[in-house]
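Trainee: What follows is a protein structure lacking sequence information:
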């Protein structure tokens, strides 16, 4: 199978790079810009003609879409670009794969929820109630895939981090190592997700050819639930950054242009029953990631 990966220089794309050589499939890693040290084919997914030409030239059977506009705060003032990347570009990918009877594996977000109060894990069939531009654009991207009608799997994930790029774990490793005191919100709960675990899940599903008959939306995050405050405490503990005093605070103490979901834990029952794959506990995966980061 010929597989094209978009957003290949991001967190998830780079984790997929590490796993690709272990499969029998051929991967083409693309991004809008190059990255030093890895082979990347330039591709602007906002250009339908360019996407279709790439799919035809390389006889692509499946696209894994890791590309997205992910700056939640900035999206409020950069709505046009956010919409172009998270909605219209996704429609382009779906259109290109529909034309060749191929598959689109798309990564979405827990931020499609948040507008309604709830305290039980979100299911796939739960109505999306995004609270900001970012979440709304990601939800419209999902809807565009359904509207186009290509073969697809959509995976909503949450609180993604990895050994690559900028993310919460790497930021907190630095801050807890350099600051005496730090305030972190404790009234937003979800589940941290190691991008390496999500990448492995996607690769296993594709490699084991579990696509046919399983089209639709799935939730994938690591197991468990925590707050940003407790997440930070665990990061500091595992890294040995014990001199920083970490204090809990309310979200209202950090004014933001967008209201974030107060509770966005994802129900993974459908994923586990359909694909029969184990989902690691968030602390176990965090420990492995921090070990790698601290030995780099």
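Mentor: Yes, it's here. What you see is a predicted model; the values in this text were computed from it and never measured.

Trainee: For the rest of this, base every contact and every neighbour count on C-alpha atoms.
Mentor: Fine.

Trainee: Please enumerate the helices of the stretch 151-296 of the chain.
Mentor: For the stretch 151-296 of the chain, the helices defined by DSSP state H, counting those that start in this stretch cover 168-178, 195-207, 228-239, 269-275, 282-294.

Trainee: Kindly present those helices as TSV, with separate columns for distance to residue 148, mean neighbour count and mean pLDDT.
Mentor: Below are those laid out as TSV (distance: least, C-alpha to C-alpha, whole Å; neighbours: other C-alpha atoms under 10 Å; pLDDT from 0 to 100):
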stretch	distance to residue 148	mean neighbour count	mean pLDDT
helix 168-178	34	17	97
helix 195-207	22	19	98
helix 228-239	37	20	98
helix 269-275	23	14	98
helix 282-294	35	16	96
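
Trainee: all strands for the stretch 1-150 of the chain, in order.
Mentor: 2-6, 26-31, 41-42, 62-65, 103-109 (DSSP state E, counting those that start in this stretch).

Trainee: quick one: which of these is nearest residue 279?
Mentor: strand 103-109 (16.8 Å; C-alpha to C-alpha).

Trainee: Strand partners (parallel or antiparallel) of the closest one?
Mentor: In the sheet, strand 103-109 lines up against strand 62-65 (parallel), strand 151-157 (parallel) (DSSP bridges).

Trainee: So what touches it?
Mentor: With contact meaning C-alpha atoms under 8 Å, 6 or more residues apart in numbering, strand 103-109 is reached by 61-66, 93-94, 97, 135, 138-139, 142, 150-158.

Trainee: Report the contact partners of residue 89.
Mentor: Going by C-alpha under 8 Å, 6+ apart, residue 89 touches 45-48.

Trainee: Give me the below-cutoff pLDDT ranges for the stretch 1-150 of the chain.
Mentor: Within the stretch 1-150 of the chain, no stretch has pLDDT under 70.

Trainee: quick one: the helices in it?
Mentor: Under DSSP H, counting those that start in this stretch, the stretch 1-150 of the chain gives helices at 11-19, 48-57, 79-83, 89-99, 133-148.

Trainee: Which of those helices has the highest mean neighbour count?
Mentor: Each of the helices of the stretch 1-150 of the chain was scored by mean neighbour count; the highest is helix 89-99, a mean of 24, by mean count of other C-alpha atoms under 10 Å.
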